[in-house]
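Got a predicted structure here, sequence first:
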Number of protein chains: 2
Amino acid sequence: MAAPVIAVIGGGQLARMMAPAAGALGVHLRVLVESADSSAAQLVVDAPVGAASDEQAVRDLVRGVDVLTFEHEHVSDDLLHDLVRSGVPVHPGPHALLQAQDKIVMRRRLTELGAPCPRWAELSRDPATARTELAGFLAAARDGSAVVKTSRGGYDGKGVRVVRSPEEVDDWFAGVAAGGPTLLVEEKVPFARELAVLVARSPSGEVRTWPVVESVQRDGVCAEVVAPAPGLTAAEAERAREVATRIAERLDITGVLAVEMFEVRGAEGSEPEILVNELAMRPHNSGHWTIDGSVTSQFEQHLRAVLDLPLGDTAPTAPWTVMVNVLGSGLDELTDALPGVLGQFPDARVNLYGKAVRPGRKLAHVNVSGTDLDDVRSRARAAAALLRGE
Amino acid sequence: MAAPVIAVIGGGQLARMMAPAAGALGVHLRVLVESADSSAAQLVVDAPVGAASDEQAVRDLVRGVDVLTFEHEHVSDDLLHDLVRSGVPVHPGPHALLQAQDKIVMRRRLTELGAPCPRWAELSRDPATARTELAGFLAAARDGSAVVKTSRGGYDGKGVRVVRSPEEVDDWFAGVAAGGPTLLVEEKVPFARELAVLVARSPSGEVRTWPVVESVQRDGVCAEVVAPAPGLTAAEAERAREVATRIAERLDITGVLAVEMFEVRGAEGSEPEILVNELAMRPHNSGHWTIDGSVTSQFEQHLRAVLDLPLGDTAPTAPWTVMVNVLGSGLDELTDALPGVLGQFPDARVNLYGKAVRPGRKLAHVNVSGTDLDDVRSRARAAAALLRGE
């Protein structure tokens, strides 16, 4: 048999970080990139340029491949279903991917299978009705506020708004009336912190989870991850992993699934509650620590899973690994910071994405591992600060 | 400043394994590859096809780069000196690289700087004189045998012959007389085992060594590496690292240097003796364990060093890491073994080189890390055996 070929839609840093894993496994990667100088195109030899929305580009991409997978969920369901019908293995499959593409579908399914969710409601397409529904939801809310989301198209804090009155999403109501994606409202959870569970599942049904991590978001963007989540009880970790595994199995998800969760603390002495926030069916920012802090990285695991190869060991390789994202930078070019950051932090694992600097853009991350969490975290933060030009 | 560009001569697995490291550092790699489907060309986007001996190809390769480096030593000295004169940074420099290209130059320099070497002698160009010299060397040898080497062009056991009489290298004498590389003879060292020290040095003079490893050769080819070398005393490890550091500094070597050594044991209770066998000025097979078993891999370290960036931490990430090479295979395609090897050894770190199978060819390696050496070694061997189709 010839070496397997994996097609990937999306040429950002997630596809870029699949390249080393594909190389080690001897697997050929073919990535549909947005432009010839995109993050992934710099590291992937077979990188045709085309939009994920360009049906012909996707059909050309999958010719002769062993599997099609994704670095983002923004792909046409109809096209994916059509590819599956024509015999192209698609992982995760469109029936599963739908839950990551459409937040209403996702909430409905999670509720059905008993996964703990924030209180939520779908808002009607008719603006007047939706306004009344939202007002009712807000009136019942603990602190008079709630989270409105567009069911589709959101990511990294986009498509999410915390509101105290229906007027704050009038533009979205108009958008829905004009045929845009419908809206849902969710309880604003008074969480103590955010957790994430990364789980990989192969078409044969093998499942592996990594240790539960704590993730710190800034403006809706993942800023920092601590692996494992400090102070988690064994029971809570087990519960979080069980929920993630159940979702992967019951939603028939293949590849890597990131389950973002809220941890809500009750009365002193009671076990914290865990609520599912979001799903991402691909390698995820909350799993970048695995590149340097786990036996098998999420990128290699995703490739193994979508090829239905046996999954790798997910044990951590150090007591603590902290990942800090570099979101925007005062530098023109991040490599200018290498003499400083590598000199001051000889054990920092720096990973630059080869992207032009723009405010708030995900440009790089740093992993630091060690035995003292405070030390590890402060060094990871300081290294990232140097890459931000601070 | 724009991202740095590193040119590499040679498109085998060593250049291939530089690609992930370059990607993480945001460095652009441009590799001169022997053919469009060579091992490195599969993972490097900017990979012009050309021979290392093609002067124009090399001149085209280095246009606008920040540094030129190598994955093998078989490059013209004259051309490299000319590039240096014209302002191209070349690391390691041609004056240093010469010691890896020419074994007589290397032995002379090592002897001068007091590095412990096997007894050795240069053989004259005139066949009759050389025969007499070799006969004399053999007569004085412990067991009547010695090692004859061609001064240039040898690698992986090629250009090396153990002989008991001058007639056994008559063809080489004829080659020398016809203008081929001269010969040297070395004592056949009754070594207990082979060790290797990997050291990195930057143009600014920063030096880092990794733990001393034991390397097991089969037919002159590196077959297995145990990191760190079992049972080494702290004093012996210190001595080996000191010798390697001295060589790197005194020979003004930049980038990664592998120093292969013989360990000779004397009387019970006496410290073993260490003799320098070979030098390689580039990432080396004895350092593949660092990809998974050390904070900084030899590939990333080499790129850092040749760019004169600060060097990374060389601490091991596990008590033991064993690397086993896959030399040839009964399989048509190594990826056919992935279901078996990944299934049986979920923590094995498999690295395939994307090369067509040929007898004895270096096709892949496997790293396994852990706390029990016997277990780690036996699993690494078993995983490699599956990739050999056994």
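Yep, that arrived.

Low-confidence stretches in chain A?
Counting by pLDDT under 70, chain A contains low-confidence ranges at A:1, A:155-156.

Return the alpha-carbon coordinates of stretch A:224-233 using PDB.
The C-alpha trace of stretch A:224-233 is given here as PDB (Å, rounded to 0.1, in the frame of the first residue of the first chain):
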ATOM      1  CA  GLU A 224      -3.400  30.500  28.800                       C
ATOM      2  CA  VAL A 225      -3.700  26.800  29.600                       C
ATOM      3  CA  VAL A 226      -2.500  25.000  32.700                       C
ATOM      4  CA  ALA A 227      -2.100  21.200  32.400                       C
ATOM      5  CA  PRO A 228      -3.400  19.500  34.400                       C
ATOM      6  CA  ALA A 229      -6.000  21.900  35.900                       C
ATOM      7  CA  PRO A 230      -4.700  22.700  39.400                       C
ATOM      8  CA  GLY A 231      -6.700  21.500  42.400                       C
ATOM      9  CA  LEU A 232      -9.100  19.300  40.500                       C
ATOM     10  CA  THR A 233     -10.300  16.400  42.600                       C
END
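
Identify all contacting residues around it.
A:193, A:195-196, A:210-216, A:237, A:240, A:271, A:285-286, A:288-290, A:293-294, A:316, A:320-325, A:373, A:377, A:380-381 (C-beta atoms under 8 Å, 6 or more residues apart in numbering or on different chains). Any C-beta I mention is one placed from the backbone N, CA and C, and that applies to glycine too.

A:V326 belongs to a strand?
Yes - counting by DSSP: H, G, I helix; E, B strand; the rest coil, A:V326 is found in a strand.

how does chain A divide into domains?
What automatic domain parsing lists as the domains of chain A is A:5-90, A:119-187, A:193-387.

Which residues are in contact with the residue sitting nearest the centre point of chain A?
With distances taken as C-alpha atoms, centre = their mean, chain A has A:H284 as the residue nearest its mean C-alpha position (3.5 Å). Taking C-beta under 8 Å, 6+ apart, we find A:H284 in contact with A:A196, A:L198, A:V256, A:A258, A:Q298.

Would you reformat the residues you listed as a markdown table and include distance to B:P166?
Below are the contacts of A:H284 laid out as a markdown table (distance: C-beta to C-beta, whole Å):
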| residue | distance to B:P166 |
| --- | --- |
| A:A196 | 71 |
| A:L198 | 66 |
| A:V256 | 64 |
| A:A258 | 69 |
| A:Q298 | 61 |
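
Which of those fall in strands?
A:A196, A:L198, A:V256, A:A258 (DSSP state E).

By neighbour count, which of the residues you listed wins?
Highest neighbour count within the ones in strands among the contacts of A:H284, by other C-beta atoms under 10 Å in any protein chain shown: A:V256, with 31 neighbours.

Any figure for the gap between that one and B:D347?
From A:V256 over to B:D347 the distance is 18 Å, taken as C-beta to C-beta, to the nearest Å.

How about the residue in chain A that sits furthest from its center?
Distance from the centre of chain A peaks at A:A128, with 34.0 Å (C-alpha atoms, centre = their mean).

pretty sure that residue is in a helix, no?
Yes - according to three-state DSSP, A:A128 belongs to a helix.

What's the separation between it and A:A135?
A:A128 is 11 Å from A:A135, by C-beta to C-beta.

Check A:D78 too.
36 Å.

how about the strands of the stretch 251-390 of chain A, start to end?
In the stretch 251-390 of chain A, the strands defined using DSSP state E, counting those that start in this stretch lie at A:255-264, A:273-280, A:320-327, A:349-352, A:362-370.

could I get these as TSV with distance to A:M18?
Converted to TSV, these look like this (distance: least, C-beta to C-beta, whole Å):
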stretch	distance to A:M18
strand A:255-264	11
strand A:273-280	15
strand A:320-327	17
strand A:349-352	13
strand A:362-370	15
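
so which of the ones you listed gets nearest chain B?
Chain B sits nearest to strand A:349-352 of all the strands of the stretch 251-390 of chain A, at 3.1 Å, using C-beta to the nearest C-beta.

Please report the distance of A:V148 from B:E333.
52 Å.

out of these two, which sits in the busier spot?
Ranked by neighbour count (other C-beta under 10 Å), A:V148 and B:E333 place A:V148 first, with 23 against 16.

Let me see the backbone angles for the more buried one.
Dihedral pair for A:V148: phi -100, psi 140, per degrees, to the nearest 10.

Hmm, A:W172 and it touching each other?
Yes - with contacts counted by C-beta atoms under 8 Å, A:V148 reaches A:W172, the gap being 7.0 Å.

List the contacts of A:R265.
Contacts of A:R265 (C-beta under 8 Å, 6+ apart): A:A192, A:P272, A:E273.

Drop anything exposed from these.
For the contacts of A:R265, a burial check counting by 16 or more other C-beta atoms under 10 Å in any protein chain shown picks out A:P272, A:E273.

Put together TSV for the contacts of A:R265, with distance to chain B on each row.
Formatted as TSV, the contacts of A:R265 follow (distance: C-beta to the nearest C-beta, whole Å):
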residue	distance to chain B
A:A192	32
A:P272	31
A:E273	33
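
does the closest residue to A:L311 other than its chain neighbours count as helix, strand or coil?
Spatial nearest neighbour of A:L311, excluding adjacent residues (C-beta to C-beta, 6 or more residues apart in numbering or on different chains): A:R208 at 4.6 Å. Assigned with three-state DSSP, A:R208 falls in the strand class.

Pairing partners for A:E224 in the sheet, please.
Beta-bridge pairing of A:E224 under DSSP bridges involves A:V216, A:V324.

What's the separation between it and chain B?
As for A:E224, its distance to chain B is 19 Å (criterion: C-beta to the nearest C-beta, to the nearest Å).

do A:D143 as well
44 Å.

Also A:P283?
From A:P283 to chain B the distance is 15 Å (C-beta to the nearest C-beta).

just A:A229 next, same as before
According to C-beta to the nearest C-beta, A:A229 and chain B sit 22 Å apart.

try A:L307
For A:L307, the distance to chain B - C-beta to the nearest C-beta - is 8 Å.

surely that residue meets A:V67?
Yes - taking C-beta under 8 Å as the definition, A:L307 is a contact partner of A:V67 at 6.0 Å.

Now do the shared contacts for these two.
A:P4, A:I6.

Among the contacts of A:H284, find me the one that's closest to A:N277.
A:N277 lies nearest to A:A196 out of the contacts of A:H284, by C-beta to C-beta, at 8.9 Å.

Not counting its neighbours along the chain, what's nearest the closest one?
Leaving aside its sequence neighbours, A:A196 sits nearest to A:S286 (C-beta to C-beta, 6+ apart; 3.7 Å).

Could you report the distance from the one you found to chain B?
Counting by C-beta to the nearest C-beta, the gap from A:S286 to chain B is 19 Å.

which residues touch that residue?
A:A196, A:L198, A:V213, A:S215, A:C222, A:V225, A:A258, A:E260 are the contacts of A:S286 under C-beta under 8 Å, 6+ apart.
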